[in-house]
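Asker: Show me the folded form of this:
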Amino acid sequence: MEFDVGRHSAVPMEPRALLADVDPASGVLSIYGMTKVPVFNRDVLAAMLDVDENLIHVHAMDAGGGFGVRGEFYPEDFLVPWLARETRRPVKWVEDRAEHLVAVNHSRQQHHRIAAAFDQDGLLLGMRDDVLHDNGAYARTHGIIVPELTLAMLPGPYRVPAFAGRVRVMLTNKTPCGTYRAPGRFEGTVVREQLLDVAADKLGLDRVEFRRRNLLVTGELPHTREMSTLGTDVVLDSGDYVGLLDKAMAEADRLGYPAELTALRAEGRT
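Answerer: Below is the predicted model:
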């Protein structure tokens, strides 16, 4: 199956803003702005300016929503403090909404060519995914975390005896990409679940029962996969995936979703 994940970005209530000021006596650089990662930004800036990190004080203000895009070191995070040091004057910068939409990190844009094999009972034997990831024009400090996480998270809560994945990261003329709202988890999940729907239909199995057969059960947890991401091993430590699926289906019945689906299909809707 081939599947495209569309490009996303975040629209927090407040666009980004920065104020940088230098104490002429001590040389301390004080920065006020909206970020989720003040210590990370301080360390990156200290390395770029070649100054002691203790001379940089980053004050994280109300972010008005983070959504992933606040957790990044942007070009302005260097330029504004650099100007303040060069001019020995406070420098303030505020982004407008139009700038935000083309400058803040985008995310997610991927093309997947994914395949899976099953036995005659519908048990998953193996899965393979080949991913093209559009990372935009530059690699920022998030690097290629999102495609890395996509592959690491793609098997999800299922029993996957064999898994092979490849990501090719492309640089294009679009806005650079970074993290956004469960990076990699969304991409891997939406593609995998579409694949399972297609497989269930081809095998003539109920989609819910098909998943129930392939979910890891509590006795198989913790479950370690021979992969790592963000510097840690991929371990599903605990959970009751079958129980959660059953609860979700009971709630769907209570809300009338299956009945509504049956009625709409009877009307010829798809």
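Asker: Quick check: phi and psi at M170.
Answerer: Phi and psi for M170, reported as degrees, to the nearest 10, are phi -100, psi 140.
Asker: For it, the count of nearby residues, please.
Answerer: Counted with other Cβ atoms under 10 Å, the neighbours of M170 add up to 12. In short, each C-beta sits where N, CA and C put it, glycine included.
Asker: so who does the residue sitting nearest the centre point of the chain touch?
Answerer: When Cα atoms, centre = their mean is applied to the chain, the residue found nearest the centroid is P183 (0.8 Å). Counting by Cβ atoms under 8 Å, 6 or more residues apart in numbering, P183 makes contact with G68, S107, I145, V146, L149.
Asker: ok now do the fourth one, which residues does it touch?
Answerer: Right, V146. S107, R108, H133, C177, G178, T179, P183, G184, E187.
Asker: The last one too?
Answerer: L149 is in contact with P183, G184, R185, G188, T229, L230, counting by Cβ under 8 Å, 6+ apart.
Asker: From the contacts of V146, pick the one nearest L49.
Answerer: Of all the contacts of V146, G178 has the smallest distance to L49: 22.1 Å, by Cβ to Cβ.
Asker: doesn't R140 make contact with that closest one?
Answerer: Yes. Between G178 and R140 a contact is recorded at 5.8 Å, counting by Cβ atoms under 8 Å.
Asker: Which one's more surrounded, these two?
Answerer: Neighbours were counted for G178 and for R140 using other Cβ under 10 Å; G178 has more, 26 against 16.
Asker: residues in contact with L196?
Answerer: Counting by Cβ under 8 Å, 6+ apart, L196 has contacts A116, R207, F210, R211, N214.
Asker: The longest strand seen in the chain pairs with which strands, and in what direction?
Answerer: For the chain, the strand that runs over the most residues, judged by DSSP state E, is strand 124-134. Partners of strand 124-134 in the sheet, by DSSP bridges, are strand 110-118 (antiparallel), strand 163-170 (parallel).
Asker: mind putting the ones you listed in a markdown table, mean pLDDT and distance to R42 included?
Answerer: A markdown table is the format used below for the strands paired with strand 124-134 (pLDDT from 0 to 100; distance: least, Cβ to Cβ, whole Å):
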| stretch | mean pLDDT | distance to R42 |
| --- | --- | --- |
| strand 110-118 | 98 | 32 |
| strand 163-170 | 96 | 28 |
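Asker: Pick the most buried one from those strands.
Answerer: Among those, strand 110-118 has the highest mean neighbour count (mean count of other Cβ atoms under 10 Å), at a mean of 19.
Asker: ok, what's across the strand from R128?
Answerer: Note on R128: beta-bridge partners by DSSP bridges are A115, A164.
Asker: Which neighbours do G178 and R140 have in common?
Answerer: In contact with both G178 and R140: E72, N105, using Cβ under 8 Å, 6+ apart.
Asker: Nearest to H57 among the strands paired with strand 124-134 would be which one?
Answerer: Of all those, strand 163-170 comes closest under Cβ to Cβ, at 35.0 Å.
Asker: what residues does that closest one touch?
Answerer: 126-135, 144, 147-148, 150-151, 154-155, 225.
Asker: show me where the stretch 51-200 of the chain has strands.
Answerer: Listed in chain order, the strands of the stretch 51-200 of the chain (DSSP state E, counting those that start in this stretch) span 56-60, 91-94, 106-107, 110-118, 124-134, 163-170.
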